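just the structure for this:
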Amino acid sequence: MKRPLLKVCCISSVSEALLAIDKGADFLGLVGPMPSGPGILSLEEIKAIVGVIPEDTKTILLTSETDAEHIAASVKNLGVKAVQIVRELPIHVLSKVRGLLPDTIIFSVVHVIDESSIHTAKSYEGIADYILLDSGKPSKGILGGTGAVHDWDYSKRIVRELNIPVFLAGGLNPNNVKNAVDQVNPAGVDLCSGLRTNDKLDAEKLNAFVNNLP
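The predicted model follows:
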């Protein structure tokens, strides 16, 4: 089985970005303004990081925006390669984002809660490039970065039933990533809090995580 893609999220500085790149990260997540979660940066801070790291780095803006024009404008202004939409948008809005950003990689987040999450994930096929399964509680304004594991049985079904690549997030760390990948078989893994110590990206935890990837 091919090694899952690695997305390191909550990057907060140039040094963290370079550390993640050095350890083999395929994507770097930069968290824009939103109501909850760790690693939140201003758009100006994100632009400063994107401007000085290697140009070919697959940087991702995490946004809680729900207006297609605002999302597209932020992506173009920041120069990121991808956007991760952490709210579950109506299909017509996501389709509009796709039309405005034809060359941008789109990650659509599905917060895995129950059977309905499977239907939500399926509805994004043909629009998003990746589905990202996380453990937020949108009804309570919690949009990710919880450090909590959700029910991987639902995640496994989503991976099996979808025809687009799926990333697994939510409570992953060096100790559980092998079990997670073996059970869910995602195309990629995404994590934030599981790699941080005192709000800083921890090189030892990152090394352990990479070494434990199947």
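
show me the helices in the chain, by range?
14-22, 43-52, 68-78, 91-100, 115-123, 152-161, 177-184, 203-212 (DSSP state H).

Gly37 is nearest to which of those helices?
Nearest to Gly37 among these is helix 43-52 (14.6 Å), distances taken as C-beta to C-beta. The C-beta positions use only the backbone N, C-alpha and C, and glycine is treated the same way.

ok and that closest one relative to helix 14-22, angle-wise?
Interaxial angle of helix 43-52 relative to helix 14-22 (axes from the mean of the first three to the mean of the last three C-alpha atoms, to 10 degrees): 50 degrees.

counting contacts, what elements does helix 43-52 pack onto?
Helices and strands touching helix 43-52, as assessed by 3 or more C-beta pairs under 8 Å, 6 or more residues apart in numbering; DSSP states H and E, comprise helix 14-22, strand 27-31, strand 59-63, helix 68-78.

return the residues in contact with Val97.
By C-beta atoms under 8 Å, 6 or more residues apart in numbering, the contact set of Val97 is 68, 71-72, 83, 85, 89, 106.

go again using 10 Å as the cut-off
Counting by C-beta atoms under 10 Å, 6 or more residues apart in numbering, Val97 makes contact with 63, 65, 67-72, 75, 83, 85, 89, 104, 106, 108, 127-128.

just the buried ones from those?
Among those, those classed as buried by 16 or more other C-beta atoms under 10 Å are 63, 65, 68, 71-72, 75, 83, 85, 89, 104, 106, 108, 127-128.

quick one: which of the residues you listed is nearest Val8?
Among these, Val83 lies closest to Val8 (C-beta to C-beta), at 16.6 Å.

in the sheet, who's paired with that closest one?
Val83 has these beta-bridge partners by DSSP bridges: Leu61, Ile106.

ok, it touching Ile46?
No - under the criterion of C-beta atoms under 10 Å, Val83 is not in contact with Ile46, lying 11.6 Å apart.

save the buried ones among the contacts of Val97 as JSON lines, and put in pLDDT too.
Shown next, in JSON lines, are those (pLDDT from 0 to 100):
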{"residue": "Thr63", "pLDDT": "95"}
{"residue": "Glu65", "pLDDT": "94"}
{"residue": "Ala68", "pLDDT": "98"}
{"residue": "Ile71", "pLDDT": "98"}
{"residue": "Ala72", "pLDDT": "98"}
{"residue": "Val75", "pLDDT": "98"}
{"residue": "Val83", "pLDDT": "98"}
{"residue": "Ile85", "pLDDT": "93"}
{"residue": "Leu89", "pLDDT": "91"}
{"residue": "Thr104", "pLDDT": "98"}
{"residue": "Ile106", "pLDDT": "98"}
{"residue": "Ser108", "pLDDT": "96"}
{"residue": "Ile127", "pLDDT": "97"}
{"residue": "Ala128", "pLDDT": "98"}
